[in-house]
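> just a sequence and a predicted model for now, questions to come.
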Amino acid sequence: YSPSNEGSLGDSDDDFVPSSNSEPGMEADNGNAAGEDGGTSPPAGPQLEMEQGPRLPHAGFHRPIYQLPHDYPQLLERMACTALRELCFFYLAQHLHIRYPDRRSSQARYLAQRRARGHQDPGDVYSYIFVQLEEPRDQQLDEDYRALAGILDQGIPENDLGWITRIGGSTDPPRHVFLQQLAMLLRRSLRRHLQPSSADHVSAHMVEVAREMDLFYIPTLLSLYPLLDDSGKRDFQQWFYGYTGQDLMQDERRETFPIREPASGSRGTSGPAECEQPELYVDLADAEFADLTEQELQDTSGGNGNGKGGDKWPRSQSKGNSRASDGGWGRDHRAPQRRYRQWDWDKDKDKEDRTFDRATDRKLYELCLAMSRLIMRHEDQLSINRAQDNFVMFAQTQGVLSAVPELLKATEAWRQMKKEQPEIITIPLRT
């Protein structure tokens, strides 16, 4: 991929923005149509000298043209370099996975090479990885690299820039919707030129890169559009027009066939109905209450009246109420007091024991987790060391395998020197 082939990518904004020297008598097509039908004047503003690209299905609606930023060629070049580098690293990952079955070792080697080569020119990365591959993967990388570079060199045609710079209305698909559609079309387009596995990986990676860049609506489309081939660009344009035309057709249907109001009923509106007065069965209630009071008195007379122990009744049932009700109810209408049972203290003790056990188990769990993380980190470091460092060891296979004869000779020499020259020796034999 050479940045010099970006002549078709739009190096200048003069080709895509209206000129200030346009003739005053020039009018847009939709403005003339509006003048013939209703006699209204066309909207004010600079007009294009020539219609660029196909017209969007926005009848009678003028949208300002999006002016391409000054770093637009650099954006396309950066996305193209990212795609080519990712293709090379994809083949490198497959090669290391096959050559080194250990996942940690292969991953450590891959990450080390990606950190070292991740910001280099795609051509340098291609040359560095191509010599490491074996047949037939080296030929597959060469074919995929040339095909992807050829697609990216085409850039974005001026006709497509004409309609892309006019989108962004309320009827256009949302950003996440056209990203999903663009991901599917990218996958199909690249599969027609690359290997299926590499095409799927590159398309998914580039869509994720564009999503993480958090660009605006039109720059997001411009960053991924060069990855489509001619068929993919045509399919995306047709899908975009179809999505936009659905809302317009629904609006036209509402204007042509307005929604009618629901028909009113043939009968008149009915007013509120009168409620019947409830009947109070006071006599029946008095009779039932008298029977209930007599039953309570009989039950109370059978109990122990000393007021001690478990035979003592609550106050609401053992004592009467001197206040009388006007309705003949006898006692007042207050609800009886609740009976409270004794609290189970053993239950609280069991709960505290369970809480203590849970806290102890939590500490043990955290300790085991910390130990496992430390062991995994140690293993990762060992894998990286094995991948980056080499050791050479020399071993002697001939001669005496025991050190006892040498130690015996050294002992005899020390004793002989001790007898002849004792002033020279200053350290004992054991040292």
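Cool, the structure landed.
> scan the protein for its longest helix.
Longest helix in the chain, counting residues (DSSP state H): helix 345-388.
> helix or strand next in line after it, which one?
Using DSSP states H and E, the next helix or strand after helix 345-388 towards the C-terminus is helix 404-420.
> same question for that following helix, mean pLDDT?
Helix 404-420 carries an average pLDDT of 86.
> and stretch 379-387, by the same measure?
pLDDT averaged over stretch 379-387 gives 76.
> could you give me the buried positions within that stretch?
Residues Ser383, Ile384, Ala387 are the ones in stretch 379-387 that count as buried (16 or more other CB atoms under 10 Å). In short, each C-beta sits where N, CA and C put it, glycine included.
> give me the helices and strands touching the longest helix of the chain, please.
Identification of packing neighbours for helix 345-388 by 3 or more CB pairs under 8 Å, 6 or more residues apart in numbering; DSSP states H and E yields helix 103-117.
> which strands and helices sit next to the helix it packs on?
Judged by 3+ CB pairs under 8 Å, 6+ apart, the packing partners of helix 103-117 are helix 72-99, helix 122-130, helix 345-388.
> just tell me which of these ends up closest to Tyr243.
helix 72-99 (24.1 Å; CB to CB).
> what angle do that closest one and helix 122-130 make?
Regarding helix 72-99 and helix 122-130, their directions subtend 10 degrees when assessed with axes from the mean of the first three to the mean of the last three CA atoms, to 10 degrees.
> buried stuff in helix 72-99?
Judged by neighbour count (16+ other CB under 10 Å), helix 72-99 contains these buried residues: 72-73, 75-77, 79-96.
> what of stretch 100-108?
In stretch 100-108, residues buried by neighbour count (16+ other CB under 10 Å) are Tyr100, Arg104, Ser105, Ser106, Gln107, Ala108.
> just give me the closest of the residues you listed to Thr165.
So of those, ranked by how close each gets to Thr165 (CB to CB), first place is Gln107, at 43.6 Å.
> ok, now which ones touch the closest one?
Applying CB atoms under 8 Å, 6 or more residues apart in numbering to Gln107 gives no contacts.
> from Leu141, how far out is it?
20 Å (CB to CB, to the nearest Å).
> ok, back up a step: mind putting the buried residues of stretch 379-387 in TSV, distance to Arg234 included?
Formatted as TSV, these follow (distance: CB to CB, whole Å):
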residue	distance to Arg234
Ser383	49
Ile384	49
Ala387	47
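> so what's the residue count around Glu158?
14 (other CB atoms under 10 Å).
> sorry, that was for Tyr225
Residues near Tyr225, counting by other CB under 10 Å: 21.
> show me the helices in the stretch 151-300 of the chain, by range?
158-164, 175-191, 196-213, 217-224, 230-256, 282-301 (DSSP state H, counting those that start in this stretch).
> so for the longest one, mean pLDDT?
The one in question is helix 230-256. Helix 230-256 comes out at a mean pLDDT of 71.
> lowest-confidence stretch among the helices of the stretch 151-300 of the chain?
Looking at the helices of the stretch 151-300 of the chain, the bottom one is helix 282-301 with a mean of 65.
> Glu423: which element?
Using DSSP H and E, no helix or strand contains Glu423.
> contacting residues for it?
With CB under 8 Å, 6+ apart, Glu423 has no contacts at all.
> tell me the phi and psi of it?
The phi and psi torsions at Glu423 (degrees, to the nearest 10) take the values phi -70, psi -20.
> could I get the pLDDT score of it?
With respect to pLDDT, Glu423 has a value of 83.
> now Leu194
Taking Leu194 on its own, its pLDDT is 91.
> wait, it touches Ala147, no?
Yes - between Leu194 and Ala147 a contact is recorded at 5.8 Å, counting by CB atoms under 8 Å.
> neighbour count winner among these two?
Leu194 (22 against 18).
> got the contact list for the residue nearest to that one when sequence neighbours are not counted?
Nearest residue to Leu194 in three dimensions, chain neighbours excluded: Asp144, at 4.6 Å (CB to CB, 6 or more residues apart in numbering). Applying CB under 8 Å, 6+ apart, we find Asp144 in contact with Leu87, His193, Leu194, Gln195, Ser198.
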